[in-house]
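Engineer: output the structure for:
(chains A and B)
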2 protein chains.
Amino acid sequence: MSSTPRILVSEVGPRDGLQSIKSVMPTAAKLRWISALAAAGLKEIEVGSFVPARLLPQMADIREVVAHALTIPGLHVAVLAPNLRGSQSAFEAGVHKVTLPVSVTNGHAMANIRKTTGEMIQEVREIVALRNAQFPRVQIEAGVSVAFGCTIAGTVSDDETMRMCHAMAECGVDEIGLSDTSGYANPTQVRRLFRRLHAELGDRAGGAHFHNTRGQGLANVVAALDAGVTTIDASQAGLGGCPYAPGATGNIVTEDLAFMLEAMGYDTGIDIDALVAARAILAEALPGEALYGHVPDAGLPKGFSYADGRAPSAPQPEGCLLGVPQ
Amino acid sequence: MSSTPRILVSEVGPRDGLQSIKSVMPTAAKLRWISALAAAGLKEIEVGSFVPARLLPQMADIREVVAHALTIPGLHVAVLAPNLRGSQSAFEAGVHKVTLPVSVTNGHAMANIRKTTGEMIQEVREIVALRNAQFPRVQIEAGVSVAFGCTIAGTVSDDETMRMCHAMAECGVDEIGLSDTSGYANPTQVRRLFRRLHAELGDRAGGAHFHNTRGQGLANVVAALDAGVTTIDASQAGLGGCPYAPGATGNIVTEDLAFMLEAMGYDTGIDIDALVAARAILAEALPGEALYGHVPDAGLPKGFSYADGRAPSAPQPEGCLLGVPQ
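Structural biologist: Numbers count the residues shown, from 1 in each chain, chains lettered A, B, ... in the order given. The predicted structure is shown next:
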């Protein structure tokens, strides 16, 4: 028997989730949440963004959050930084990984970070040079935004996305991941584009970052797994969403993703019951905020075991039985 | 260029959805809803169940509903019937197709229809004999319940499920579909089991019926498509759910499924905007009932076109753009 295949679930709730909601989570709750996520077996957490507090007050405590996360043994501490200044601060804070959001389209780049794609490529080059000169152990990932479609430009071709991926490889980033920023991706496209990313960029091909805007998140994960992707971003409770699209959730739900992967035979190292328990911190710290996910409500199925053979850590609830189901 | 591949989306909301909620939908609203679903391009609708009204008062008007559905040009009118008596009534009502729910496990069979699996196989044999003798044009599908796992028995092996599928083929049913009654299925299992169904049963291999209890519905559809499945059941607004698992929805959401299939390049013939508009009938007739789905909230993506090249029939909403997304 070959060993159980492993997938890294990269938790982005403290960054992508918290930056997308109106409430500001108190720092103490953030620290407890991140600790609970790590205790549930999550090995990489994107704990926040290095951005000006006047733009994103939710991230004003990023230094304190990073300092706390770095005390958690074995945790890979990631952050997002949109420019050289934020990257330098992140490097100095001692993070293990910086993700740089790089839009495929000019329209999205200008609206998001007020730079053209060409200017952003130049910025990435400078960030990599700084890393190489002074912080050689920090990993840099380019998160290629609107890789599957853009709310401003509409359709994005595979060639356009791959051009930006190659530009990032030439800048010297370590990994290039693909982001479905607004829920445009479909499984056919995901399979095709990640296969091409692997074929053309080899071991620089990075992870998948899907939003669940149109409910396609886990379906797209199945396609990404087929294409050889081994790192998947997700957010506890699907935290995030879009204020202009009620009910449109943010990232894919970590709880439901972890269940799917383990049921499919991929070892994630996650204890789903412990992960679900961590939602209580969110519920308390973010009253009124929608918490998404199906597994937290339905529980694990009767007879479920993890990919590595473990039994669930909590008793399994009784299922429901209705008249004449199919 | 080969022609666009087609997938039949079989709408089961008027049956599986309505039987699983407490409210009883008024007959007039049902008829309007079924007409609206057909007008949105759905070619097969399971319009109800032939079961005693004292057990499922939601289905008391089944004869009137079938009579109405049969007046809709081109619509394939399907119903569910759990026994010989219900099947005979369905045949006499003139339906095009009868689905017989057949559990893989004795535990589920006894709880659901108070018969052992052996007794149910005998019943199916009698139903097929009646059809052959008197109603030769009616199609019979066996809907194999708890094919991927059972709330009572827990894990269900592929061999157990396939044994029931072969028993159904020997009874002479036309098609054998697999149902994930309680949201136990994962994409690895779905791909494996449907491939085996096709390999062992050839053109008697039927469709996929997934519940979204654990949020895995569309992910399982991706796997089913890989295995060659061409008929997928779904329910508008994911109507249904389980009273014992709040938030655990019923069937997969037709709106989100139709979007996924069309985006993947499968022609469904569905007009998603018209389908979404039909939700208004549900909202009015079933006040307080949860209506699920992401595409109805988020709209179709900018630049979207259907698999056959059609443009969307309604204007597309503006997407949202937040600070520093990825």
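Engineer: who touches residue A:4 in this structure?
Structural biologist: A:265, A:266, A:267, A:307, A:308 (CB atoms under 8 Å, 6 or more residues apart in numbering or on different chains). Any C-beta I mention is one placed from the backbone N, CA and C, and that applies to glycine too.
Engineer: for it, give its distance to residue A:268.
Structural biologist: Using CB to CB, to the nearest Å, residue A:4 is found at 10 Å from residue A:268.
Engineer: now the common contact residues for those two.
Structural biologist: residue A:307.
Engineer: separation between residue A:28 and residue A:305?
Structural biologist: 36 Å.
Engineer: give me the low-pLDDT residue ranges for chain A?
Structural biologist: A:1-2, A:241-249, A:316-326 (pLDDT under 70).
Engineer: most centrally placed residue in chain A?
Structural biologist: residue A:233 (2.9 Å; CA atoms, centre = their mean).
Engineer: how about the nearest residue to that residue, chain neighbours excluded?
Structural biologist: What sits nearest to residue A:233 in space, not counting adjacent residues and going by CB to CB, 6 or more residues apart in numbering or on different chains, is residue A:209, at 4.2 Å.
Engineer: ok, that neighbour touching residue A:182?
Structural biologist: No: with contact defined as CB atoms under 8 Å, residue A:209 does not reach residue A:182; the gap is 11.7 Å.
Engineer: my read is residue A:34 is in a strand, agree?
Structural biologist: No: counting by DSSP: H, G, I helix; E, B strand; the rest coil, residue A:34 is not found in a strand; it is helix.
Engineer: got a list of what it touches?
Structural biologist: Here residue A:34 is in contact with A:14, A:45, A:47, A:65, A:68, A:69, A:72 (criterion: CB under 8 Å, 6+ apart).
Engineer: the last one contacts residue A:35, correct?
Structural biologist: Yes: at 6.4 Å, residue A:72 and residue A:35 qualify as touching, with contact defined as CB under 8 Å.
Engineer: buried stuff in stretch A:287-298?
Structural biologist: Residues A:289, A:291, A:292, A:293, A:294, A:295, A:296, A:297, A:298 are the ones in stretch A:287-298 that count as buried (16 or more other CB atoms under 10 Å in any protein chain shown).
Engineer: close to chain B: what parts of the stretch 51-200 of chain A are there?
Structural biologist: Selection of the stretch 51-200 of chain A residues close to chain B by CB under 8 Å from any CB of the partner chain yields A:51, A:55-56, A:80, A:82, A:99, A:101, A:108, A:111-113, A:143, A:145, A:149-155, A:179, A:181-184, A:186-189.
Engineer: among those residues, which are located in strands?
Structural biologist: Cross-referencing these against strands under DSSP state E gives A:80, A:99, A:101, A:143, A:145, A:179.
Engineer: between these, which is closest to residue B:218?
Structural biologist: Closest approach between those and residue B:218, by CB to CB: residue A:179, at 19.5 Å.
Engineer: could you find the closest non-adjacent residue to that closest one?
Structural biologist: Closest to residue A:179 by CB to CB, 6+ apart is residue A:209, at 4.0 Å.
Engineer: show me what contacts that neighbour?
Structural biologist: A:12, A:143, A:177, A:178, A:179, A:180, A:233, A:251, B:326.
Engineer: is it true that it lies in a strand?
Structural biologist: Yes: with three-state DSSP as the criterion, residue A:209 is assigned to a strand.
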